[in-house]
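Novice: My questions are about this predicted structure, shown below with the sequence.
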Amino acid sequence: MNNVSLVGRLTKDVDLRYTTKKMRAVGSFTLAVDRDPRKVTNDKTADFIPVVTWGKTAEFASKYFSKGHRIALQGSIHTRVWEDEEKNRHYVTEVVADRVFFADAKQREFDEPEIEDLEEGAL
């Protein structure tokens, strides 16, 4: 079974492109996923995972996610092979995300005033 669930932060904005033949949306980005701190030293480390999304999922990610946003995703791991002009084979392993979600709590629309900001006698 090939299932992946990740939570992390985007290292840059989603790169949205369209295929030339069918004009299908494809989005790509890198997700920084913190490692379990119990399994490493005191240094905070992260894995930088390449992610690809397709179709409406790609368009949604491009529209609503940007660098630094914390997101969650579900998908699967895919490996593809391609050849360059010198006939060298290159292997790429990436997550193909079928579903993407906001992972940050919704920010409040306004901050509560500090005590000293309140008028005297307002309490």
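Specialist: Looks like it arrived, so ask away.
Novice: in the protein, which spans are strands?
Specialist: With strands called from DSSP state E, the chain shows them at 4-10, 15-18, 25-34, 46-54, 70-83, 89-102.
Novice: now the angle from the fourth one to strand 89-102?
Specialist: Relative orientation of strand 46-54 with respect to strand 89-102: 90 degrees, computed using axes from the mean of the first three to the mean of the last three C-alpha atoms, to 10 degrees.
Novice: List of residues touching strand 46-54?
Specialist: Under the criterion C-beta atoms under 8 Å, 6 or more residues apart in numbering, residues 6, 8, 11, 14, 24-35, 61, 73, 75, 78, 92-97, 100 lie in contact with strand 46-54. From N, CA and C alone the C-beta is placed, and that goes for glycine too.
Novice: buried ones in stretch 25-37?
Specialist: Judged by neighbour count (16 or more other C-beta atoms under 10 Å), stretch 25-37 contains these buried residues: 25-31.
Novice: Would you mind putting those residues into TSV with pLDDT and distance to Asp104 alongside?
Specialist: Shown next, in TSV, are those (pLDDT from 0 to 100; distance: C-beta to C-beta, whole Å):
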residue	pLDDT	distance to Asp104
Ala25	97	24
Val26	97	25
Gly27	98	19
Ser28	98	21
Phe29	98	16
Thr30	98	18
Leu31	98	14
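Novice: Identify, from these, the entry nearest to Asn2.
Specialist: Leu31 (17.4 Å; C-beta to C-beta).
Novice: Quick check: bridge partners of the closest one?
Specialist: Judged by DSSP bridges, the bridge partners of Leu31 are Leu10, Ile49.
Novice: Quickly note the distance from it to Thr20.
Specialist: Distance, Leu31 to Thr20, by C-beta to C-beta, to the nearest Å: 26 Å.
Novice: Same question for Pro50.
Specialist: Taken as C-beta to C-beta, the spacing of Pro50 relative to Thr20 amounts to 21 Å.
Novice: With neighbour numbers in mind, choose between those two.
Specialist: Legend: neighbour count by other C-beta atoms under 10 Å for Pro50 and Thr20, higher for Pro50 (12 against 7).
Novice: Next one: the more buried one relative to Asp43, how far apart?
Specialist: Using C-beta to C-beta, which is the criterion applied here, Pro50 is 23 Å from Asp43.
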